[in-house]
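Chemist: The amino acid sequence is not available; the structure is as follows:
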Ligand SMILES: [Zn+2]
């Protein structure tokens with residue numbers, strides 16, 4: 001996965017989550033709401049960084065890296081983690 005520059009939206013979405021977007025994403029937050037996260041190439045590191053700012057964060061399905069998609073139960077757990085990553 002190539003590295004991209006990511007932003008976190010400091011304004012929550014209607015679902016209450018703060019979304020992470022790549023620089024080139026059309027749904028990137030407005031300048032006022034952009035939190036610069038830096039360069040990332042994998043979903044887990046990106047979520048961890050975003051998590052420093054907000055407890056409820058999600059990755060934009062259009063522009064963000066996705067966790068491994070092989071179907072075994074470990075990856076189902078990872079997929080759930082990807083969909084709803086909240087601070088315990
Ligand atoms: Zn996006």
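Modeler: Looks like it came in fine. Nothing here was measured: the structure is a model prediction, and the numbers come from that model.
Chemist: Beta-bridge partners for the spatially most central residue of the chain, please?
Modeler: Nearest to the mean C-alpha position of the chain, by CA atoms, centre = their mean, lies residue 59 at 2.6 Å. Per DSSP bridges, the residues bridged to residue 59 are residue 20.
Chemist: I figured it hits residue 42, correct?
Modeler: No - using CB atoms under 8 Å, residue 59 is not in contact with residue 42; the gap is 10.7 Å. Just so you know, the C-beta spots here come from the backbone N, C-alpha and C atoms, and that holds for glycine as well.
Chemist: Overlap in contacts, the two.
Modeler: residue 65 (CB atoms under 8 Å, 6 or more residues apart in numbering).
Chemist: List the buried residues for stretch 26-34?
Modeler: 28, 29, 34 (16 or more other CB atoms under 10 Å).
Chemist: and the residue lying closest to residue 18 once chain neighbours are set aside, what does it touch?
Modeler: Nearest residue to residue 18, sequence neighbours excluded (CB to CB, 6 or more residues apart in numbering): residue 54, at 4.4 Å. Residues near residue 54 by CB under 8 Å, 6+ apart: 8, 10, 12, 18.
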